[in-house]
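> Based on what follows, work out the 3D shape:
(chains A, B, C and D)
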Protein chains: 2
Amino acid sequence: MKKDSKLSSVLHVLLHMAHSDRPLTSDELSGYLQTNPVVVRRTLAGLRELGYVEAVKGPGGGWTLDCDLAQVTLRDIYDAVGSPGVFAMGHREENPQCLVEQAVNGALDQAFREAEALLIRRLSGVTLADLSADFNRRYQAHPRRKAPHAH
Amino acid sequence: MKKDSKLSSVLHVLLHMAHSDRPLTSDELSGYLQTNPVVVRRTLAGLRELGYVEAVKGPGGGWTLDCDLAQVTLRDIYDAVGSPGVFAMGHREENPQCLVEQAVNGALDQAFREAEALLIRRLSGVTLADLSADFNRRYQAHPRRKAPHAH
DNA sequence: CCAATATGTATCATTGTTTGTTACATGAAA
DNA sequence: TTTCATGTAACAAACAATGATACATATTGG
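Presented below is the predicted three-dimensional model:
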């Protein structure tokens, strides 16, 4: 099944923005993700509406962070990109009257709910600042690299 | 994102088989799932190869269970249908050299791994016999229903 | 004011996966 | 030998995610 990479992509560009001292254009960001500038704008539109990032038009414009990295968790970003369904599995509403199906779905739903709850807890426990610090650690470990982010 | 319902579907038909005293044809089973007989055969083919079910050709033929319900867990069935990817989210291999991406993916992977491990644990803790018992409880609670499974 | 740059967004094309369908071969039973 | 059933390949349809194009809007700086 095809995987939705919105969350990963958004975090990727947010971190790049965190380590940039000037606005980054959709064009530049799309280069990092090897995608299209329009896709970037589309994806970041939600974050802009929620006030996590700011977009400025015109020359010298682009995207900048507009939040406290230490206050925003991965869960916030997950919500911001639309809280996409966590699981690739589910069940159609085949026939909810069927007692057999009710039994099956009940058992599966229980397991899936618990797993999703754990995932959300874990995402809530990591801030963008944590990610940024993690990046810095990796950078210290590879100081020879010319650019902090090889693209 | 579209959800894969193979696991749910397979469990559904397995339980029907568990409560039937004769082989059920792909045609009948496809009726329960509101799908196509060929899809059923395709999906159950894996379970047949693993010995969980048996398929008999010819008049009076069809599908029957060929395992101990108390010994087979939902996790076994999950594996039997191909252990489809659990999550609808992921990350492309955009640019693994990028330290930013490494930091992001590291954090996400950690959270996803834990959630998946919990899901597998939960699935391992439920047997087909448990599901069958659950069905029976539901049936006791609705004794007026003419057929044990309304289809 | 105007040219250049950048986002905002609607629309359409492309791609890939899943599911459904058709067709036909194989095998078993009466 | 007819009928009923599975086994499977091949193809069609449906759908969602992604990419691309076009153009409007806003801002900067000469």
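
> Tell me which stretches of chain A form strands.
Using DSSP state E, the strands found in chain A span residues A:53-56, A:62-65.

> Out of these, indicate the one that is most buried.
strand A:62-65 (a mean of 20; mean count of other C-beta atoms under 10 Å in any protein chain shown). Quick note: C-beta positions are derived from backbone N, CA and C, even for glycine.

> Now do that one: distance to the chain's middle.
Relative to its chain's centre, strand A:62-65 lies at 16 Å (C-alpha atoms, centre = their mean, to the nearest Å).

> Pull the residues that contact it.
With contacts defined as C-beta atoms under 8 Å, 6 or more residues apart in numbering or on different chains, strand A:62-65 is touched by A:13-14, A:17-18, A:22-26, A:28-29, A:44, A:52-56.

> Can you flag the buried ones in those?
A:13-14, A:17-18, A:23-26, A:28-29, A:44, A:52-55 (16 or more other C-beta atoms under 10 Å in any protein chain shown).

> Restricted to helices, list these.
Counting by DSSP state H, the part of these found in helices is A:13, A:14, A:17, A:18, A:26, A:28, A:29, A:44.

> Make CSV out of those and add distance to DNA strand D.
Shown next, in CSV, are those (distance: C-beta to the nearest atom of the strand, whole Å):
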residue, distance to DNA strand D
A:13, 13
A:14, 17
A:17, 18
A:18, 22
A:26, 10
A:28, 15
A:29, 12
A:44, 13
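
> Contacts only, for the closest residue to residue A:120 other than its chain neighbours.
Using C-beta to C-beta, 6 or more residues apart in numbering or on different chains and skipping the chain neighbours, the partner closest in space to residue A:120 is residue A:75 (5.9 Å). With contact taken as C-beta under 8 Å, 6+ apart, residue A:75 is in contact with A:120, A:123, A:124.

> Now that we have the ones in helices among the buried ones among the contacts of strand A:62-65, can you turn them into CSV and tack on pLDDT and distance to residue A:35?
Compiled in CSV, those are given as follows (pLDDT from 0 to 100; distance: C-beta to C-beta, whole Å):
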residue, pLDDT, distance to residue A:35
A:13, 95, 10
A:14, 96, 15
A:17, 96, 16
A:18, 95, 20
A:26, 97, 10
A:28, 96, 12
A:29, 96, 9
A:44, 96, 12
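
> when you check DNA strand C, which of those residues turn up near it?
The residues of these that also fall near DNA strand C, by C-beta under 7 Å from any atom of the strand, are A:26, A:44.

> I'd like the ones in helices among the buried ones among the contacts of strand A:62-65 written out as a markdown table, with distance to chain B added.
Listed next are those as a markdown table, based on distance: C-beta to the nearest C-beta, whole Å:
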| residue | distance to chain B |
| --- | --- |
| A:13 | 9 |
| A:14 | 9 |
| A:17 | 10 |
| A:18 | 9 |
| A:26 | 16 |
| A:28 | 13 |
| A:29 | 11 |
| A:44 | 15 |
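
> Dump the ones in helices among the buried ones among the contacts of strand A:62-65 into a markdown table; add distance to residue B:6 as well.
Shown next, in a markdown table, are these (distance: C-beta to C-beta, whole Å):
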| residue | distance to residue B:6 |
| --- | --- |
| A:13 | 34 |
| A:14 | 35 |
| A:17 | 40 |
| A:18 | 41 |
| A:26 | 39 |
| A:28 | 41 |
| A:29 | 37 |
| A:44 | 35 |
